[in-house]
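Asks: Give me a model of this one.
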Amino acid sequence: MPEPTTAISDAVRLTLLDGSTFVVCDQRGDVDGVSAASGFFAADTRFLSRSVLTIDGERGDPVAFEQGAPHVGVFDLEWETGLAVRRELFVGRGLEEAATVWNRSDREVEVMLELELASDFADIFAVKRVEDLGAPGSSEVAPSRPERWQDARTVEFADLDFPARTLVHLAPSPDDADGGVARYRCDSRPVRAGSSASRCSGCWTRRLSSTPTRSRRGFATIDASGTPRSLPGGAPRRGCSRLPKLRSS
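Replies: Just a heads-up that it's a prediction; the model follows:
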C-alpha cells in the first residue's frame, strides 16, 4: 500500500467539489449523516444522504488524507486486524469512488465489506437551515427514499412523487444486497514485500458510480459543471461511468 501523505488526528468535515456538484464527508470518506450538511449534492439537491463503508461491521481508523485537486480526495484507513483501505473519491458528472483493500497482517483473512447507501433528495436550503439550528443528523431534514435494485450491480433511489432519482452502479456486483446495503466477501492474502499495489495478491478493489438526475420537466443529467440539462421526453439516462485513473503503477 502507498505511504500515507497527510496524517489525520481530529474529526473533520471535508468537501470535494466541481462547480455546484460536491460531496461533504468525514475524514474516512463516509457520508454518515452525523452532520446535517453531509451528503452528495447536485442542482441544489442531496442525491446521497448516506454512504458508509465498514469491514465486519467496523469503520476504519483514518490515518491519512490527500486532496490533489478540489474534486479529488484520497482517504487511507486502517483496522486493528491489519487490513487497510484506500478510498479514492472523484466528483464530476456524478460521484465516483474506488476502494482498494490491502491485507497487511501475516495471515490470510476472510472478511465482509459493506457499503450502506441512502438518499433523501433534501433541498440544500432546508439542509442549511437545519444545520444553522444545530440539529444533528441528516434524518432531521427528510426521510430516506425507497430503493430498488435494477440488476445485480445497480441500485436506484427514487420517489414517484418527486422528480429525481439516484443511480448507484457497483463493480464488481455485490455478493449480497439487502435494501440499501451492498455486501462483498473479501478473501485476502498478506501483501508481499516489494509487490506492486496493482498486481499484489493481497489487494482487492471495488468501484462505485453515483449518477444524479433531476428536472422539473422529466429527468436531467448533471454535466461536469453541475448544470442540469433536460432530456427529451422526460426519459432518465445514466451519467458517464468512466472512473478516474488515480493510482500510480
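Asks: Which secondary structure state is assigned to Lys128?
Replies: Assigned with DSSP: H, G, I helix; E, B strand; the rest coil, Lys128 falls in the helix class.
Asks: just for this structure, where's the confidence low?
Replies: When residues are selected by pLDDT under 70, those of the chain lie in 1-11, 134-141, 191-249.
Asks: change it to 90
Replies: For the chain, applying pLDDT under 90 flags the ranges 1-13, 33-37, 43, 92-94, 100-110, 126-146, 153, 158-165, 171-173, 186-249.
Asks: Quickly note the distance from Pro190 to Thr54.
Replies: With distances taken as CB to CB, to the nearest Å, Pro190 is found 22 Å from Thr54. Where C-beta positions appear, they are placed from N, C-alpha and C, glycine not excepted.
Asks: likewise Lys128?
Replies: The gap separating Lys128 from Thr54 is 29 Å, by CB to CB.
Asks: okay, those two: which has more neighbours?
Replies: In terms of neighbours (other CB atoms under 10 Å), Thr54 is the more surrounded of Lys128 and Thr54; the figures are 19 against 13.
Asks: quick check, the more buried one in a strand?
Replies: Yes. With three-state DSSP as the criterion, Thr54 is part of a strand.
Asks: is it true that it touches Val111?
Replies: No. Counting by CB atoms under 8 Å, Thr54 does not reach Val111; the two are 9.9 Å apart.
Asks: Find the residues that touch each one of these two.
Replies: With contacts defined as CB atoms under 8 Å, 6 or more residues apart in numbering, no residue is shared by Thr54 and Val111.
Asks: Glu96 contacts Phe90, doesn't it?
Replies: Yes. Applying CB under 8 Å as the test, Glu96 and Phe90 come out as touching, 4.2 Å apart.
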